[in-house]
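**Student:** What follows is a predicted protein model with its sequence.
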Amino acid sequence: MCFMRIPQQNKKMTLLDGKKVSNDIKDEIAEEVKKMKANGEKVPHLAAVIVGSDGASLTYVGSKVRACERVGFESTMVRLSNTTSEIELLDKIEELNNNDDIDGFIIQLPLPPQIDTQKVLMAVNPDKDVDGFHPMNFGKMALDMSTFIPATPFGILELLDRYNVTTKGKHTVVIGRSHIVGRPMSILMGRKGFPGNSTVTLTHSHTKNITQITSQADIIISALGVPNFLKAEMVKEDAVVIDVGITRVADESSPKGYVITGDVDFENVSKKASFITPVPGGVGPMTIAMLLKNTLLARERHRARK
Ligand SMILES: NC(=O)C1=CN([C@@H]2O[C@H](COP(=O)(O)OP(=O)(O)OC[C@H]3O[C@@H](n4cnc5c(N)ncnc54)[C@H](OP(=O)(O)O)[C@@H]3O)[C@@H](O)[C@H]2O)C=CC1
Ligand SMILES: Nc1nc(=O)c2c([nH]1)NC[C@@H]1CN(c3ccc(C(=O)N[C@@H](CCC(=O)O)C(=O)O)cc3)C=[N+]21
């Protein structure tokens, strides 16, 4: 008997284009700012505090400042040296808390080892906490109360929403339990409402047989920071794959000397997935857009308190 090799049909896969959607969101925000200006109102003002001179952190904060300019926000970058003490940083935070011109601010993470991150995040006025990292805001999020949702999980929800990806009744597997991505993501996907109503499994470095778990997932959200961790054999046919990972991998052939690499083996996983985010151009730009959205919200709430 002769076996003929039947060429696999190119199945339909949708790229979740974070770059495009983030531009749409920025356009929407820019419209709001125009209206504010036309009404003679103060425009939103975001400040970003960066301690030290880590290259990746400077790049992110730079993109945040540029994004503010693009939508018409005011922005302030506060740069502190790598040797800044915890007290000095807490003083700066107090100053930003009391500065009535500033609607929201973020403390870029990670912080140098002499500084206790938890203590610093607790010092941010929850009304200005546009990262949504203060325990009060995190608690509100977990209790379905209106608050600032951390920008990366918020961006992922928005992306799923704008592409009408069904989450209800689906099994979502989150990889990584960080306070800024994995943990809030697991809470949000399991919430009542849309996008949500998912059955969530949260995995981490102590998870056993992770392939067995990811293979059962309808939706995989990978946020561990290990390049090409998620391989095709770990993914079910037609799964939705969200790649949060951003790692700079040295590459002499590229102009910058490195390439940005996600957690997902995109080349092979994209052949099985129904929806997938690219890296770069997926979750990263959405994070920035949602930070702007939170800042707009902070401005509106600030005005309402007056
Ligand atoms: N695109 C974007 O906008 C953003 C991207 N990122 C990127 O996302 C990635 C994750 O960052 P972040 O959320 O801060 O996470 P962290 O680096 O703080 O934590 C990583 C998590 O992954 C888990 N983990 C590590 N190795 C494994 C493994 N082999 N199997 C399963 N789980 C594992 C860890 O488990 P344990 O808890 O047991 O240690 C931990 O929970 C990074 O690449 C970061 O750069 C982060 C924020 C925003
Ligand atoms: N307080 C705080 N809030 C954060 O939201 C926060 C933080 N600290 N620390 C670090 C992580 C990481 N993060 C990213 C934001 C944008 C891109 C992004 O725009 N990425 C582009 C590529 C960027 C590049 O070329 O380097 C992309 O994926 O297309 C990536 C990562 C926010 N974080």
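**Tutor:** Happy to help now that I have it. Ligands and ions are numbered 1, 2, ... in the order given.

**Student:** longest single helix anywhere in the protein?
**Tutor:** Of all the elements of type helix in the chain, the one with the most residues (DSSP state H) is helix 283-305.

**Student:** Now do the contacts for Lys236.
**Tutor:** Under the criterion of C-beta atoms under 8 Å, 6 or more residues apart in numbering, the contact list for Lys236 reads 215-218, 272. In this view, the C-beta of every residue, glycine as well, is placed from N, C-alpha and C.

**Student:** Can you tell me which of the residues you listed has the most neighbours?
**Tutor:** In terms of neighbour count, Ala217 stands highest of the contacts of Lys236 at 25 neighbours, by other C-beta atoms under 10 Å.

**Student:** hang on, isn't it packed against His171?
**Tutor:** Yes: counting by C-beta atoms under 8 Å, His171 is a contact partner of Ala217 at 5.5 Å.

**Student:** anything in contact with each of these two?
**Tutor:** When contacts are counted by C-beta under 8 Å, 6+ apart, the set common to Ala217 and His171 consists of Thr201.

**Student:** tell me the mean pLDDT for stretch 39-59?
**Tutor:** Per-region confidence: stretch 39-59 scores 95 on mean pLDDT.

**Student:** So which bits of that stretch are buried?
**Tutor:** Along stretch 39-59, these residues count as buried under the neighbour rule (16 or more other C-beta atoms under 10 Å): 43-52, 57.

**Student:** near ligand 2 at all, it?
**Tutor:** Yes: counting by C-beta under 6 Å from any ligand atom, contacts between stretch 39-59 and ligand 2 involve Thr59.

**Student:** oh, and call the first residue 760 from now on, that's how I've got it
**Tutor:** All right, first residue 760 from here; so that's stretch 798-818.

**Student:** got the end-to-end distance for that stretch?
**Tutor:** 34 Å (C-alpha to C-alpha, to the nearest Å).

**Student:** Is there proximity between it and ligand 1?
**Tutor:** No: judged by C-beta under 6 Å from any ligand atom, stretch 798-818 stays clear of ligand 1, getting no closer than 7.6 Å.

**Student:** And the residue of the stretch 810-959 of the chain that's closest to ligand 2?
**Tutor:** Nearest to ligand 2, among the residues of the stretch 810-959 of the chain, is Leu868, at 3.8 Å (C-beta to the nearest ligand atom).
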